[in-house]
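Asker: Please work out how this folds:
(2 chains)
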Amino acid sequence: MQLIEGFLAISSMTTILLIFIGVIFGITFGAIPGLSAFTCLALMLPITFGMEPINGLSFLLAVYVGGVSGGLISAILLNIPGTPSSIATCFDGAPMAARGEAGKALGVGIVFSFIGGLFSAIILTYFGPPIAKFALRFSPYEYFAVILFALTTVSSLASGNMINGLISCLLGISLSFVGIDRLSSYTRYTMGYSQLDSGFSIVPLLIGVFAVAQILDIAEGEKKHLDLSQRKTVKIKGFGFSLKEFFGQLQNALYSGLIGLGVGILPGIGGNISNLMSYAFIKKRSKYPEKFGTGIIDGIVASETSNNAAVGGALIILLTLGIPGDNATAMILAGFMVHGISPGPLLFETSAALVYALFAAFILANIVMLVCEIAGLNLFVKLLSIPKAILLPVVIVFCFIGSFSGNNNLFDITLMVAFGFLGYLMKKFKFPLSPLVVGFILAPLLEENLRRSLMRSEGSLMPILTSPIAAVFLAGTAFMIWRAIVSERKQAQKGEK
Amino acid sequence: MAKYRDLIGGVFFLAFAVFIYALSYQIHMTQADPVGPQFFPRLVALFMGVLALISISRSVLRLRKADPTATAKKGSFSIALLLTALLLIAYTLLIEKVGFIILSAIYLYLQILLISPKEELQKHNLVINAVVAIVVPIALYYLFYHAFGIFLPAGLLE
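Answerer: All right, here's what the predicted structure looks like:
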């Protein structure tokens, strides 16, 4: 019922049009190798500043949905994944295209992207509110444990090296110290600069660390010319595959969808890994694993269903707990903050109408994605030939605007560039960047809840350990660290042999 | 350079942890909560210091084990990287004086030039680059001004 109201809330021409535009931009950026949903979100964020919250946020969700899905186009046609979420789509998509079955491969990829996205949207709509209700009962003890768990997950899974992941996360946390301490209302770590009194803004930090660092990286690297001479127009009849094939894949789709959803919910991994995990799983339980990699639709179904399902999973923890799992969801969180909205369990109480409108926008974005990709496929193929060397600098100019217009402050442009250098150096020294950003975003919550916990318990840590929910998450934290140490040891042994 | 990567990273973050801890003494103390505003930064600094020490000791062990005669690959120096960095710094320094439109046009043209592959640098591409560099900033300036009410710095064109 509330979902219907949600659909009514987004039924204005402006909102629907924005969702269309968002999806189309997302697909385009997703399809161009080297650019991703995040790049497109960074580009689009400043545009949303002046919009109504519901329009701006629906637009960003649409960009995200399109961005994750668009990668399949270049994965199948060029054998280059457009985004890391569609690496596994290459495995079977490219051989099919080489055999002249590009239309069928694209049809399968697009339809099962839609199914994965829709599946996760339904789960989000029906499980989001009860999760939020449950989280609303969290005291500072539980909240502290949940955030600690999220931070260790991001740090240990974001790269192979847990120590570097944790250090990166702690650096992000340290960056959040700058500015006013929320509990004592005195400033910390501002070094006397009044411009730092309100702390680092999230937008310049996020854009700098990822987008500016990327352009530095590209300037340094070998500049490759993407050869598109083999590019051709593709014809799809209907969806390109038969109903029998569709029903034959539903079981695979269900498993892939569940894997994507589960991986999406865990912070730090998201669509980038879900497609590979799901591909490996479906291959393992298949009756004909030897055919994987030769160009069968099972492989495309596995990859594309799971990466789009991961989007809904990531939105579940973003909306219900306010925890962003990766750079793209951090960007969407920044979009919320710019409009003065903070996602979390309270949001479901105070702005239920907005939440359901966003659910509706998410579902609609998936439908629009299906329609646009089927109908406009050849247009997107043409867009692939826009050189990245032109697009990326344009993105940076948008980033300048985004950093500036968040607070109408030129100092934020300087910060963005400084964080860009930081991000570049961190990457060079093999420190993963997602833990830094997620650490920065969650640190105030972590600190506040820890200190509030200690206030409540008058300095004792025991209540955190004896609360059952907190204990589960603390055990989870210990497990993540143990798991990371074991897998690192194994790799080190392999390296010695 | 690659050989000492973890060592350099470890030493840097050890120093950073000491810095965070040292600066925590400047924080104004209050009695609002039992642990106060110094507690959490110090906790974070301690954890970071310990992790940095682990990282340093691990890389020292690895360096000892490694074959000392093996020569490290020479790091290549990228001029395009340096110029991009300078371009970005120049942008932050000049934006207030020069303004968004002119500075962004210059930035775009040079940046596209810097990261384009050689194959894409024929004459007609250079013209396209120039058109992009001029049209994009002007269009954005007016788009943000009229559609979103965001006034970007006008600088020289004021």
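Asker: who's in contact with whichever residue of the stretch 1-150 of chain A sits closest to chain B?
Answerer: Nearest residue of the stretch 1-150 of chain A to chain B: A:Gly50, at 3.1 Å (CB to the nearest CB). (Each C-beta comes from the backbone N, C-alpha and C, glycine too.) A:Gly50 makes contact with B:147-150 under the criterion CB atoms under 8 Å, 6 or more residues apart in numbering or on different chains.
Asker: cool, and B:Leu110?
Answerer: B:83, B:87.
Asker: and the residue of the stretch 1-150 of chain A closest to chain B, that one's in a strand?
Answerer: No: read with DSSP: H, G, I helix; E, B strand; the rest coil, A:Gly50 is coil and lies in no strand.
Asker: Quick check: PyMOL command selecting the buried ones in the contacts of A:Gly50.
Answerer: Buried residues within the contacts of A:Gly50, by 16 or more other CB atoms under 10 Å in any protein chain shown, are selected in PyMOL with:
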select buried, chain B and resi 148+150
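Asker: so of the contacts of A:Gly50, which ones are in helices?
Answerer: Counting by DSSP state H, the part of these found in helices is B:147-148.
Asker: tell me which of the contacts of A:Gly50 is nearest to chain A?
Answerer: Nearest member of those to chain A, counting by CB to the nearest CB, is B:Phe148, at 3.1 Å.
Asker: List the backbone torsions phi and psi for the residue lying closest to the closest one once chain neighbours are set aside.
Answerer: Computed as CB to CB, 6 or more residues apart in numbering or on different chains, the closest residue to B:Phe148 that is not its neighbour in sequence is A:Gly50, at 3.1 Å. The phi/psi pair for A:Gly50 (degrees, to the nearest 10) reads phi -90, psi 0.
Asker: What of A:Arg137?
Answerer: Dihedral angles (degrees, to the nearest 10) for A:Arg137: phi -80, psi -10.
Asker: In the stretch 251-400 of chain A, what residue spans correspond to strands?
Answerer: For the stretch 251-400 of chain A, no strands are identified by DSSP state E, counting those that start in this stretch.
Asker: Chain B contacts on that one?
Answerer: A:387, A:389-390, A:392-394, A:396-398, A:400 (CB under 8 Å from any CB of the partner chain).
Asker: In what element of secondary structure is B:Ile128 found?
Answerer: helix B:123-148 (DSSP states H and E).
Asker: which parts of that helix are buried?
Answerer: Across helix B:123-148, burial judged by 16+ other CB under 10 Å covers B:125, B:129, B:132-134, B:136-137, B:140-141, B:144, B:148.
Asker: any chance of these in a markdown table, with pLDDT too?
Answerer: Below are the buried residues of helix B:123-148 laid out as a markdown table (pLDDT from 0 to 100):
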| residue | pLDDT |
| --- | --- |
| B:Asn125 | 79 |
| B:Asn129 | 90 |
| B:Val132 | 92 |
| B:Ala133 | 94 |
| B:Ile134 | 94 |
| B:Val136 | 93 |
| B:Pro137 | 94 |
| B:Leu140 | 90 |
| B:Tyr141 | 90 |
| B:Phe144 | 84 |
| B:Phe148 | 75 |
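Asker: Show me how the record splits chain B into domains.
Answerer: When chain B is parsed with automatic domain parsing, its domains come out as B:2-65, B:79-157.
Asker: can you pull out the helices in chain B?
Answerer: Assigned by DSSP H, chain B shows helices spanning B:5-23, B:36-65, B:79-98, B:100-115, B:123-148.
Asker: Now tabulate those helices in CSV and tack on distance to A:Arg451.
Answerer: Output for these, formatted as CSV (distance: least, CB to CB, whole Å):
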stretch, distance to A:Arg451
helix B:5-23, 17
helix B:36-65, 7
helix B:79-98, 36
helix B:100-115, 42
helix B:123-148, 39
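Asker: how about the ones you listed, which one is nearest A:Phe127?
Answerer: helix B:36-65 (33.0 Å; CB to CB).
Asker: Now the closest one: average pLDDT?
Answerer: The pLDDT scores in helix B:36-65 average 90.
Asker: For it, buried residues please.
Answerer: So helix B:36-65, judged by 16+ other CB under 10 Å, has buried residues B:36-45, B:47-49, B:51-52, B:55-56, B:59.
Asker: Give the other helices and strands that that helix contacts.
Answerer: Under the contact criterion of 3 or more CB pairs under 8 Å, 6 or more residues apart in numbering or on different chains; DSSP states H and E, helix B:36-65 touches helix A:162-175, helix A:434-456, helix B:5-23.
Asker: Let me know which of those is tucked in deepest.
Answerer: helix A:162-175 (a mean of 26; mean count of other CB atoms under 10 Å in any protein chain shown).
Asker: separation between the nearest residue to A:Phe114 once chain neighbours are set aside and chain B?
Answerer: Among residues not flanking A:Phe114 along the chain, A:Leu370 sits closest, at 4.1 Å (CB to CB, 6+ apart). Separation of A:Leu370 from chain B (CB to the nearest CB, to the nearest Å): 29 Å.
Asker: Give the burial count for A:Ser113, as a bare number.
Answerer: Using other CB atoms under 10 Å in any protein chain shown, A:Ser113 has 32 other residues around it.
Asker: returning to what we had before: list just the one of the domains of chain B that sits closest to A:Leu170.
Answerer: Closest approach to A:Leu170 among the domains of chain B (CB to CB): domain B:2-65, 4.4 Å.
Asker: How far does that closest one sit from its chain's centre?
Answerer: 21 Å (CA atoms, centre = their mean, to the nearest Å).
Asker: Please apply the same query to stretch A:359-372.
Answerer: 17 Å.
Asker: next one: stretch A:399-414
Answerer: On CA atoms, centre = their mean, the centre of stretch A:399-414 falls 23 Å from that of its chain.
Asker: Check stretch A:428-442 too.
Answerer: Taking CA atoms, centre = their mean, the mean C-alpha location of stretch A:428-442 is offset from the chain mean by 14 Å.
Asker: What separates the first and last residues of that stretch, distance-wise?
Answerer: Its start and end residues considered, stretch A:428-442 measures 25 Å (CA to CA, to the nearest Å).
Asker: That one near chain B anywhere?
Answerer: Yes: counting by CB under 8 Å from any CB, chain B is contacted by stretch A:428-442 at A:428-431.
Asker: What residues does the stretch 51-200 of chain A have near chain B?
Answerer: Going by CB under 8 Å from any CB, the residues of the stretch 51-200 of chain A near chain B are A:51, A:163-164, A:166-167, A:170-171, A:173-174, A:177, A:181, A:183-184, A:186, A:188-189.
Asker: and the two most separated of the residues you listed?
Answerer: Top of the distance list for these (CB to CB): A:Met51 and A:Ile163, 42.2 Å.
Asker: where do the helices sit along the stretch 1-150 of chain A?
Answerer: With DSSP state H, counting those that start in this stretch as the criterion, the stretch 1-150 of chain A has helices at A:2-9, A:13-31, A:37-48, A:53-77, A:87-98, A:102-136, A:140-157.
Asker: The shortest one packs against which elements?
Answerer: Right, helix A:2-9. Using 3+ CB pairs under 8 Å, 6+ apart, helix A:2-9 sits against helix A:352-375.
Asker: so what does the helix it packs on touch, helix or strand wise?
Answerer: helix A:2-9, helix A:13-31, helix A:53-77, helix A:102-136, helix A:297-321, helix A:345-350.
Asker: for that helix, what is the average pLDDT?
Answerer: Helix A:352-375 comes out at a mean pLDDT of 93.
Asker: in that helix, what's buried?
Answerer: For helix A:352-375, using 16+ other CB under 10 Å, the buried residues are A:354-370, A:372-374.
Asker: A:Asp197: neighbour count?
Answerer: 11.
Asker: my guess is it meets A:Gly179, correct?
Answerer: Yes: counting by CB atoms under 8 Å, A:Asp197 sits close enough to A:Gly179 to count as a contact (6.1 Å).
Asker: Mutual contacts of those two, please.
Answerer: Between them, A:Asp197 and A:Gly179 share these contacting residues under CB under 8 Å, 6+ apart: A:187, A:190.
Asker: Can you pull up the most central residue in chain A?
Answerer: A:Ala328 (3.8 Å; CA atoms, centre = their mean).
Asker: A:Ala42 is in contact with that residue, correct?
Answerer: No: contact criterion CB under 8 Å: A:Ala328 and A:Ala42 do not qualify, at 9.6 Å.
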